[in-house]
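K.L.:
structure for the following, please:
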Amino acid sequence: MPELPEVETTVAGLRSVLEGTVLTRVEPRRADLRFPIPVDLRQRLTGATVTSLARRAKYGLIETDRGDTLIFHLGMSGRWRIDPAEIGAHDHLLLETSDGHLLSLNDPRRFGSLDLVRSDAWQAYAPFTRMGPEPLGPEFSAAYLARALQGKSTSIKAALLDQRIVSGLGNIYVCEALNMARISPTREAGRISRARLGLLTDAIREVLTAAIAAGGSTLRDYARPDGELGYFSKQWRVYGREGESCACGGVIRRRVDGGRSTFYCPKCQK
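P.N.:
Have a look, this model is predicted:
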């Protein structure tokens, strides 16, 4: 699943071709993805000028001069394509711009979503109201994390994946940040010291920032809008590296928690 850096990279790619242009053609090619596509999406967006693009957690936001914001989620396999050579069965939304670009939202598994909200009320969008702070934002700190985790007996990995605690973190980057901070993924969240939480928040920021700079990770289905694959996976410390050596000299192990693979080093992560 595309995670925060992949969505940030996608938004940056879309910004380069959408911002300031008029949407001359808006064509939903099916009635739903994971959820129904708004029936008035074509009417409300055709002829509108894109004024800005942003990201909230793993969602992308495309704002127009009509006071509407298109909110998209890439789901498991979604990606935007810019000027594709051909349109296929999995291209579920087409956008054509006044600059002559054609964009398609391609989602073979259809776990993504499209929604349309008023721009002055996007923060009240239901999924956003239950989210914690952005991990790259000023509200996310060791002090905040200590308060949010107080009394929690769940594992620190499970806690970090809880979007109510911190928004946008996913399996790959949680594994990476925990290794960088030398914290075991199974350690009880509410029993981690403030000092170690400080190391963890710094590691989360460092890992996400590096992944964004590298263009996101190369996942099986993910590509940037320009068609190029990200390459942060070449820098992975532990993810997908079971049996290989950790930077500390230990051997990376894999376990399954809640149906997700957890990669960690038992030597340095305590």
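K.L.:
what's next to the longest helix along the chain, contact-wise?
P.N.:
When the chain is parsed with DSSP state H, its longest helix is helix 194-213. The contact list for helix 194-213, computed with CB atoms under 8 Å, 6 or more residues apart in numbering, reads 4-5, 8-9, 135-136, 140-143, 145-146, 149, 156, 160, 166, 169, 173, 176-178, 180-183, 192, 217, 230, 232, 235. The way it works is simple: take the backbone N, C-alpha and C, and place the C-beta from them, glycine included.
K.L.:
buried set for that helix?
P.N.:
Residues 196-201, 203-204, 207-208, 211-212 are the ones in helix 194-213 that count as buried (16 or more other CB atoms under 10 Å).
K.L.:
thinking again about what came up before, restricted to helices, list the contacts of helix 194-213.
P.N.:
With DSSP H as the criterion, helices contain 4-5, 8-9, 142-143, 145-146, 149, 156, 160, 173, 176-178, 180-181 from among those.
K.L.:
any regions of the stretch 151-270 of the chain where pLDDT drops low?
P.N.:
Low-confidence segments of the stretch 151-270 of the chain (pLDDT under 70): 216-224, 227-233.
K.L.:
how close does Thr209 sit to Ile183?
P.N.:
19 Å (CB to CB, to the nearest Å).
K.L.:
just Tyr239 next, same as before
P.N.:
Applying CB to CB, the value for Tyr239 to Ile183 is 15 Å.
K.L.:
are any of the contacts of helix 194-213 buried, and if so which?
P.N.:
Buried, going by 16+ other CB under 10 Å: 4-5, 8-9, 135-136, 140, 142, 145-146, 149, 156, 160, 166, 169, 173, 176-178, 180-183, 192, 217, 230, 232, out of the contacts of helix 194-213.
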